[in-house]
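1. got a predicted structure here, sequence first:
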Amino acid sequence: MSNEFKFTINSIAFDENYQPSDSTRLTTNFANLARGDNCRANLRNALAMIDNRFNALAHWDNPKGDRYSVELEIISVDMNISNEDNGQSFPTIEILKTNVVDHKTNKRIEGIVGNNFSSYVRDYDFSVLLLEHNKNKPGFSIPENFGDLHGRLFKCFVNSGAYKQNFTKPPVICLSVSDNKTYHQTENHHPILGVEYLPNESSLTEQYFKKMGLKVRYFMPSHSVAPLAFYFFGDLLNDYSNLELISTISTMETFQKIYRPEIYNANAAAGKCYKPNLKNRDYSLTRIVYDREERSQLAIKQGKLAEKYFIKPYQSII
């Protein structure tokens, strides 16, 4: 597959003036924030939350809590089939790249690529293929080879020349914990990532990301109320600097407070034995507008788009 596909990488700043491009998945976290009458306020408030959280975690040599700010880039990855030189491409993946501005030294520090993860093919797998497979069937099962194509595409991208030319380190993707698993606190404590949790069993998301070549660990940073899931290659604790890790935590915890307030903006922190609950009523809302139901509906539409314009036309190749 690596010889048949080539990738083109584009980036756009994610700031208060951001407007989603025509090829952006509308279910993408950052695209959802930039819609509607309150889009400018949504973006400004979300970016302020990220900066505040970053400075709270990077508190050394930072007495006023304003030394750093985070700049975000949306990385869009288009895939071309090289043996068809007709200018056609398919928007495969969108991820976020963090950069840290140190206002004390006036330096711009490269952060982590990955963070948020969006994919039309993943929409197809979870919102079309998986639903169709289980339609009118007793119980729940997973289709044969579920996630194989997506996993190969992702590994092909990470190993591509385009990725290596643009990014110096492998990606880290940060997701919410699953509300159908129980997490147990361990004795392991990292100075930035916080206390580690272990799940009672593997989830479908874990299995899906494993096919992408990614391992997972769960950590609850200082002053967080729930663990985050960190998907990575290599050694998460030693391959990345403190500021790199903080850039991911501050960015993705902010998104989760907006999208999963029942878990990440709960008024009580996770204990030693923790089961996330999306029906929890003891939580606070941010000042940011978000339509979670619309996002689920759009995932189905976008999955069908991937089926129509990518899965079926290129089935013999992929």
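-> Sure, I can see it. Numbering: from 1, shown residues only.

2. can you give me every residue that contacts residue 117?
-> Applying C-beta atoms under 8 Å, 6 or more residues apart in numbering to residue 117 gives the contacts 93, 94, 95, 173, 175. In this view, the C-beta of every residue, glycine as well, is placed from N, C-alpha and C.

3. quick one, phi psi at it?
-> phi -140, psi 120 (degrees, to the nearest 10).

4. could you report the distance from it to residue 40?
-> Per C-beta to C-beta, to the nearest Å, residue 117 is found 26 Å from residue 40.

5. how about the nearest residue to residue 264, chain neighbours excluded?
-> Once flanking residues are discounted, residue 264 sits nearest to residue 256: 4.0 Å by C-beta to C-beta, 6 or more residues apart in numbering.

6. secondary structure class of that neighbour, three-state.
-> helix (DSSP: H, G, I helix; E, B strand; the rest coil).

7. ok, now how distant is it from residue 179?
-> Distance from residue 256 to residue 179, by C-beta to C-beta: 13 Å.

8. let me see the mean pLDDT of stretch 174-190.
-> For stretch 174-190, the mean pLDDT works out to 96.

9. make that stretch 216-225, sorry
-> 97.

10. cool, stretch 255-268 as well?
-> Mean predicted confidence for stretch 255-268 is 94.

11. can you list the buried residues in it?
-> The neighbour-count check on stretch 255-268 (16 or more other C-beta atoms under 10 Å) flags 255, 256, 257, 258, 259, 260, 261, 262, 263, 264, 265, 266 as buried.

12. overlap in contacts of residue 256 and residue 179?
-> residue 263.

13. show the end-to-end separation of stretch 257-277, please.
-> 14 Å (C-alpha to C-alpha, to the nearest Å).

14. could you tell me how far that stretch lies from the centre of the chain?
-> Its chain's average C-alpha position is 18 Å from that of stretch 257-277, according to C-alpha atoms, centre = their mean, to the nearest Å.

15. which residues touch it?
-> For stretch 257-277, using C-beta under 8 Å, 6+ apart, the contacting residues are 29, 33, 46, 49, 176-179, 181-185, 197, 220, 224-227, 253, 256, 278-286, 288, 290, 292.

16. contact partners for residue 188?
-> 195, 196.

17. can I assume it sits in a helix?
-> No: counting by three-state DSSP, residue 188 is not part of a helix but strand.

18. roughly how far does it sit from residue 276?
-> Here residue 188 is placed at a distance of 20 Å from residue 276 (C-beta to C-beta).

19. what does residue 107 give?
-> Note on residue 107: its distance to residue 276, by C-beta to C-beta, is 38 Å.

20. in terms of neighbours, single out the busier of those two.
-> residue 276 (21 against 9; other C-beta atoms under 10 Å).

21. with adjacent residues omitted, what lies nearest to the more buried one?
-> residue 179 (4.4 Å).

22. ok, the one you found - contacts?
-> With C-beta under 8 Å, 6+ apart, residue 179 has these contacts: 263, 275, 276, 277, 278.

23. cool, residue 192 as well?
-> By C-beta under 8 Å, 6+ apart, the contact set of residue 192 is 57, 221, 242, 245, 246, 249.

24. which secondary element of this structure has the worst mean pLDDT?
-> helix 29-33 (a mean of 62; mean pLDDT, DSSP states H and E).

25. show me what counts as buried in the next helix or strand after it.
-> For helix 29-33, the following helix or strand on the C-terminal side (DSSP states H and E) is helix 39-57. By neighbour count on 16+ other C-beta under 10 Å, the buried set for helix 39-57 is 39, 42-43, 45-47, 49-51, 53-55, 57.
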